[in-house]
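S.K.: no letters, just coordinates:
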């Protein structure tokens, strides 16, 4: 497949430009603006000095995530969920995914009876907001834990492994990496893959929007995702000024 | 792995006993009780002679699904969602999955401006309620469409292909098919796979509950699922008295 | 009045066929499927080892009930209450009635600080779902308390007296027992009567749907109900294998 | 039973003092303050020039009721239902009862495609608020319909018959009429009876709060109610300056 | 401006007739009916022997207010907020204003860990319901505190200063005091002013409904308000039989 | 008062640094980031080609506003309103204020049957978020209308006058302009003033948080606001590249 095939001119296995801006807002323990092409998400990590009821007295921590979109982050204005009085099924699905993915990255037993709240708020959407949220939240969470270390409250960042997320899909018959909105609206298959820096799977969610897809396509999509995740983890570590 | 390893004594690639009872209740156009071991779900398909607002006048149909659990379908009693005043994120995630999967089975353009409502209500839970719901709803939907054909309202069942669903997972280090509750509560990885009778993927949702899993495990899990789905589609067609 | 008058051919004072199936589902302490003609309700009784706040520390128990209908238990599909985000006035009225009626059957002071939750879920409706719920829940509650006795947690089943419930009404001018859906939709007066095995009233709820009714009709309806309840209590005790 | 038995000194068959004040507030088509002893309810009747969706185009009217209590109408302050975001089961039960009772009083087919809204708001509670609401709403509705007649919009008040409501109960072993709060809090049986001016039943709702009650008691309670209703209807007609 | 200009014939600086009826209902610690012309509000003050969570253990009290309108207090019937399941933005704005204003009147540190609940329920509306609520609630709160004093629970009424509230506005180009509904519906500017008996401002809320208004008008409106408040405080003290 | 008195070192009549960034996000017709010191609000203006029901067919437009805060825009994390299922009273009060203020700026009769939605989302809070929202929304709305003009849909921007908003207050006894969070948390009086470019009042909302304030203070506060608004309007016009 030649680059002409994708509306953006990207190669099949090419990520959009990714930018990670740390300390984007002042108050949160971790605050990251992640930009993946035109998709922009503010990811904040907040430490709360208590755990939910079901964990009280167990000596371990908790990590949870919430997701939202500004009403006009999208092409046409969406109703505000706070005004409607409930979060959509899509929103809940996404925030549950972010939470599960990030709980795989950190050792919940190693930061005391604290809760890490991750808030991922999309200020501009162009496809891939849930995967950008996970990739950005990883950096924000790392910063928040680093602050606990700096304050002497925990001995080390309770890191199990880095996680990052990317979408892959079949666009006009060809498997491609990192769908933008135009591709996403017109693709046959859409899969979100969350992996660790060791190349292991944390979560895979694939949906045939149009035709069902075969095993060979599945394999090609997983290959593409593996490559994309490798690059994203590199960018996360650079942003955090960590040796790879 | 010997059969001793699974609490139920099943082989790694062995489904639980599956029973599909059609015409389980009187009023619905399609009504199926699906039993997969001790998991029991009533799946009804109801035809409504109108479509949601966003489809009005487009000459096509719609298919949507809802899912619920009786409060004491589970080991300990759960709060009733109707009394709490909202459906949990898990419930919404599951009913969205059922809807997407069944929309892949039928041609929405081929049954007029009608809505097919699928209701999957778990009366007894022992793992795998969402996959049982999809497998059972396929049969209920087929019966409902058959009734439209019998009434002369549509020329043929708008079938694209059969779909069935099964879970696979890594239990005590070994990939196994069709997790029951005991296995599900103690597994490292849990994946739900929805496939067509042609062996193509409609949906894949895998989560590493414990350790992240590698590509080889992924491949073994997909193999197991493929075998399970093949058997389930056979059972669906037998229940419907269709040639395979 | 001859039997021809009722659509079902039943005599004026004749119950529909009643079937009580105990241990219908596995997990609940008491689980009964009650079938009254085509009306089918799953009644489960669950023991919880605590009481609501207003009873804490008072050394007594509590009993409460919830009621629901599967969306397609009825002739045309009803909206799911969990999806609408609230229980209808009718649902609340019915579950309050079930709770009051069963609290009259048991001695709340005699089973410790425990709550008995009764869940009555209609899987097929053909009139009389609230009375079937009460009659079935009586048996499920009895089973649940028997389990507490078997575990040595209470010395005896805290039974005050059996309760059962039945509807009576005026159908085409004639008082009849146990209205089915066809009769119920077309009756002038509908009364639900809940009585003890001693023939005393626990609750009476009568409504003139059409014309107001006179005292003589009231008396005839109460006579019919008394007979029906006597038969139902006999069936409850048989199902429980108790001497009458 | 001597009058000493009742805390208020009333005879067993004696109503509290009843006062009906018409045109209590300015804006409503009918507005009545009903006082039954210390129970005070504002009943307004509002005409709306349309019917609910299910009646559109059928050429008939509708009548519906809502009920509320001011937070401090009671001995200790109750939470405000508007602030809690939902009406209690008790409130819904009561307003459904008021609506059914008043629909029995008027001919819905005889006032065009209009809705009569009855609002019964308790400003001071001392037992019997639901029966006072019905008795007062009867007068408010009559006034509202009279206004439609006066404007020439309908030829006559669409009256089928007057309805009034009263409670009866067993207090310290003795059947009594018109329970006040002190009696109501300590009674064995509580029954609300709604009857027409012809002495026919519109609704009967009896509950054994303590011991179940026998048929003889039932009969005595209905006798008491009959007498009370006769007096109340007389008062309604006097208030409306109608010949009895 | 001559008196002819106002629909009511009042002078620009003339209040409507104000009547304060104490002990209007029986149960509340303070209960006042305030009538300002045709606007009628029941203001009750209820003492609760605890404080909200955020004040527990701090040794001080709390004061909070709620506001409601009977559905037919207005010209055309409004939906009941309890039935709609939420309070409007207007209602919340008003009850927050009442609470803030009355918290300025009393010393929260001087009545122990108690909450004073103010409920302002409009039974008839003709403009100025929020200001009438504040003026009436002041008297009800005073009565409730007096009862605590009478019971020996606090040494003195924790009064900082009296507060009263009035509206002013620009009606047909002329600044006027105490707008009634007719004026309010047709005014350019509407301002609510809450002041102490010392003539100091507690709250000012002015809105240009039509044209923006200049500084000179602002000054004239504040002058009018100051006069009105002086009269209202006099009436409050008379009603409470206090020396001015 | 010397500049030392304010924590920020600002003069009493000195605004924080204000920055208006137009076209901040891509999709909205108007999108402005307003920064007032450390307070940052994204204001978007979205055109919808229809009006709410109450305006249908009247040939005029509508303008409405919504307000939200990202959960960690504040010093400690707030609960997400969408997750709680309702907007707080404060949020509703603010968005109603923004809507009223901006409706004063534009001629609703001059842009056809369209709705302008203003969304003000605070990404970082340091006091004065509601006034920043209004000042920023003015610019976003202007841009959105300019786009309608550019598309030839309306002949001219339907501007009545510019509006801007600022807070003033009494901090440690001294009236100051434009309170930041530190000052706001510790001030006696807080007033929000919305004015036009002609120096007329659109809205004034003043609250004595501590001691009530006198008329002289009121006058000084209004003087300060007038100066601040003059500067803000200048900045709005510069941002829009309009002659002043």
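M.R.: Noted; the coordinates are in hand. Everything quoted here is computed from the prediction, not taken from an experiment.
S.K.: now the strands for chain A?
M.R.: In chain A, the strands defined using DSSP state E lie at A:18-22, A:30-36, A:39-48, A:62-69, A:115-124, A:163-171, A:174-177, A:187-196, A:201-208.
S.K.: and the angle for the second one with strand F:115-124?
M.R.: Taking axes from the mean of the first three to the mean of the last three CA atoms, to 10 degrees, one finds that strand A:30-36 is oriented at 130 degrees with respect to strand F:115-124.
S.K.: enumerate every residue touching the closest residue to chain D within chain A.
M.R.: Of all residues in chain A, residue A:85 sits closest to chain D, at 9.4 Å by CB to the nearest CB. (Glycine included, C-beta is placed from N, CA and C.) Applying CB atoms under 8 Å, 6 or more residues apart in numbering or on different chains, we find residue A:85 in contact with E:86, F:85, F:86.
S.K.: rewinding a little: the strands of chain A into JSON lines, with extra columns for mean neighbour count, distance to residue B:43 and mean pLDDT?
M.R.: Output for these, formatted as JSON lines (neighbours: other CB atoms under 10 Å in any protein chain shown; distance: least, CB to CB, whole Å; pLDDT from 0 to 100):
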{"stretch": "strand A:18-22", "mean neighbour count": "17", "distance to residue B:43": "44", "mean pLDDT": "98"}
{"stretch": "strand A:30-36", "mean neighbour count": "25", "distance to residue B:43": "40", "mean pLDDT": "98"}
{"stretch": "strand A:39-48", "mean neighbour count": "25", "distance to residue B:43": "38", "mean pLDDT": "98"}
{"stretch": "strand A:62-69", "mean neighbour count": "23", "distance to residue B:43": "31", "mean pLDDT": "98"}
{"stretch": "strand A:115-124", "mean neighbour count": "24", "distance to residue B:43": "35", "mean pLDDT": "98"}
{"stretch": "strand A:163-171", "mean neighbour count": "27", "distance to residue B:43": "30", "mean pLDDT": "97"}
{"stretch": "strand A:174-177", "mean neighbour count": "23", "distance to residue B:43": "34", "mean pLDDT": "96"}
{"stretch": "strand A:187-196", "mean neighbour count": "24", "distance to residue B:43": "26", "mean pLDDT": "94"}
{"stretch": "strand A:201-208", "mean neighbour count": "24", "distance to residue B:43": "21", "mean pLDDT": "96"}
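S.K.: just send those back as JSON lines, with distance to residue B:243 too.
M.R.: As requested, the strands of chain A are exported to JSON lines (distance: least, CB to CB, whole Å):
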{"stretch": "strand A:18-22", "distance to residue B:243": "53"}
{"stretch": "strand A:30-36", "distance to residue B:243": "50"}
{"stretch": "strand A:39-48", "distance to residue B:243": "49"}
{"stretch": "strand A:62-69", "distance to residue B:243": "47"}
{"stretch": "strand A:115-124", "distance to residue B:243": "50"}
{"stretch": "strand A:163-171", "distance to residue B:243": "32"}
{"stretch": "strand A:174-177", "distance to residue B:243": "35"}
{"stretch": "strand A:187-196", "distance to residue B:243": "30"}
{"stretch": "strand A:201-208", "distance to residue B:243": "26"}
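S.K.: any idea which of the ones you listed gets closest to residue E:55?
M.R.: strand A:39-48 (21.3 Å; CB to CB).
S.K.: so which bits of chain A are right by chain E?
M.R.: Residues of chain A lying close to chain E by CB under 8 Å from any CB of the partner chain are residue A:85.
S.K.: centroid residue for chain A?
M.R.: residue A:134 (1.6 Å; CA atoms, centre = their mean).
S.K.: does that residue touch residue A:167 like I think?
M.R.: No. Between residue A:134 and residue A:167 there is no contact under CB atoms under 8 Å: 10.8 Å.
S.K.: just checking, residue A:163 touches residue A:105?
M.R.: Yes. Contact criterion CB under 8 Å: residue A:163 and residue A:105 qualify, at 4.5 Å.
S.K.: any residues in contact with both of these two?
M.R.: A:138, A:196.
S.K.: so who does the nearest residue to residue A:118 once chain neighbours are set aside touch?
M.R.: With sequence-adjacent residues excluded and distances taken as CB to CB, 6 or more residues apart in numbering or on different chains, residue A:118 is closest to residue A:65, at 4.1 Å. Contacts here follow CB under 8 Å, 6+ apart; on that basis residue A:65 touches A:95, A:96, A:98, A:99, A:102, A:117, A:118, A:119, A:120, A:133, A:137.
S.K.: which one is the second one nearest to, not counting chain neighbours?
M.R.: Nearest non-adjacent residue to residue A:96, counting by CB to CB, 6+ apart: residue B:89, 5.3 Å away.
S.K.: residue A:145 now?
M.R.: Nearest non-adjacent residue to residue A:145 (CB to CB, 6+ apart): residue A:157, at 4.4 Å.
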